[in-house]
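**Q** here is the input, now give the coordinates:
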Amino acid sequence: MANIVELKDINKIYGDKIQTQVLFDINVGFEEKSFSSIIGESGSGKSTMLNIVGTLDKPTSGEVFIDGNRVDTLDKESLAKLRNQTMGFIFQFHYLLPEFTAKENILMPYKINKFKVPKEIDEWADELIELVGLSKVANNLATDMSGGQQQRTAIARALINKPKIILADEPTGNLDSATTENVYSLLRDINEKYKTTFIVITHDKRIAEKTDRIIEIKDGRII
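**A** Numbering: from 1, shown residues only. This is a model prediction of the structure:
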């Protein structure tokens with residue numbers, strides 16, 4: 001299986017006068033349709049690495065390839081378009097817009113580029129709502145849902161543009177253990193049903209052990 005993501009000789013340094021290096025010579029690839037986890041202690045560099053994969057941050061040196069194309073040299077506008085069309089993001093904090101309903105939040109990434117929602121996208125949103133188990137609260141405001149429902153809304157939102165890659169940074173960090181299991185089962189189902197590549201940061205080794213591959217980072221290096 002071909003790599004959909006590749007990091008080559010990635011180094012990341014923050015600061016000018018006082019420099020702090022957080023990633024050292026990272027070389028790693030992620031196969032398309034795979035489900036990988038990244039583990040490591042706080043401050044190990046795993047979130048920085050995920051942000052570089054997601055083009056939210058640029059490496060100090062090295063090369064980033066997404067779907068065979070080098071992306072670390074692209075301008076901001078091109079990167080924004082790449083993220084919107086190719087990637088979905090799920091974070092520990094769901095970042096839902098409180099004044100909108102679950103369905104409206106799910107449709108938001110699509111509406112960023114095309115304000116008018118055609119019938120097929122509206123139906124796709126409904127399919128996602130059913131997939132993540134939100135049919136009963138689809139018209140609830142974000143503030144009128146439980147933590148687990150809000151996070152499942154964020155998962156559906158990440159899928160609305162049918163991305164090839166989903167990047168998740170501690171997506172269940174604020175959820176109880178039972179809800180965590182349910183959310184990860186859902187992510188795995190999505191991976192298998194839609195062949196979406198998942199790269200997930202987690203502190204939970206029980207969850208990591210269920211993934212296809214575990215990448216451990218320590219002090220900015222893959223071990």
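
**Q** how long is stretch 211-223 end to end?
**A** With C-alpha to C-alpha, to the nearest Å applied, stretch 211-223 spans 17 Å between its terminal residues.

**Q** in it, what's buried?
**A** By 16 or more other C-beta atoms under 10 Å, the buried positions in stretch 211-223 come out as 211, 215, 217, 220, 222. For every residue, glycine as well, the C-beta is placed using N, CA and C.

**Q** kindly report the same for stretch 39-46.
**A** By 16+ other C-beta under 10 Å, the buried positions in stretch 39-46 come out as 39-40, 44-46.

**Q** and the lowest-mean-pLDDT helix or strand in the chain, C-alpha only, in PDB?
**A** Counting by mean pLDDT, DSSP states H and E, the chain has its least confident helix or strand at helix 205-208, which shows a mean of 82. Extracted in PDB, the C-alpha atoms of helix 205-208 (Å, rounded to 0.1, in the frame of the first residue of the first chain):
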ATOM      1  CA  LYS A 205      -2.300   2.700  25.600                       C
ATOM      2  CA  ARG A 206      -5.400   0.400  25.600                       C
ATOM      3  CA  ILE A 207      -6.700   2.400  22.700                       C
ATOM      4  CA  ALA A 208      -3.300   2.500  20.900                       C
END
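
**Q** which stretches in this structure count as strands?
**A** Taking DSSP state E, the strands of the chain run over residues 3-14, 20-31, 35-39, 61-66, 69-70, 87-91, 165-169, 197-201, 213-218, 221-222.

**Q** quick one: closest of the ones you listed to Glu99.
**A** strand 87-91 (19.5 Å; C-beta to C-beta).

**Q** so what are the sheet partners of that closest one and their directions?
**A** strand 165-169 (parallel) (DSSP bridges).

**Q** other residues contacting the strand it pairs with?
**A** 4-5, 47, 50, 53-54, 66, 86-92, 158-159, 187, 190, 196-201 (C-beta atoms under 8 Å, 6 or more residues apart in numbering).

**Q** quick check, central residue of this structure?
**A** The centroid of the chain falls nearest to Leu167 when counting by C-alpha atoms, centre = their mean (1.9 Å).

**Q** dump the buried residues of stretch 211-223 to TSV, plus pLDDT.
**A** Output for the buried residues of stretch 211-223, formatted as TSV (pLDDT from 0 to 100):
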residue	pLDDT
Thr211	91
Ile215	94
Ile217	94
Gly220	94
Ile222	94
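
**Q** check these and tell me the two furthest apart.
**A** Once C-beta to C-beta is applied, these give Thr211 and Gly220 as the farthest pair, at 21.8 Å.

**Q** now do the contacts for the closest residue to Gly40 other than its chain neighbours.
**A** With sequence-adjacent residues excluded and distances taken as C-beta to C-beta, 6 or more residues apart in numbering, Gly40 is closest to Ile217, at 3.8 Å. Going by C-beta under 8 Å, 6+ apart, Ile217 touches 38-40, 44-46, 49, 223.

**Q** with Gly220 instead?
**A** Shown in contact with Gly220 (C-beta under 8 Å, 6+ apart): 12, 21-24, 26, 44-45.

**Q** go through this structure and flag its longest helix.
**A** In the chain, with assignment by DSSP state H, the single longest helix is helix 177-194.
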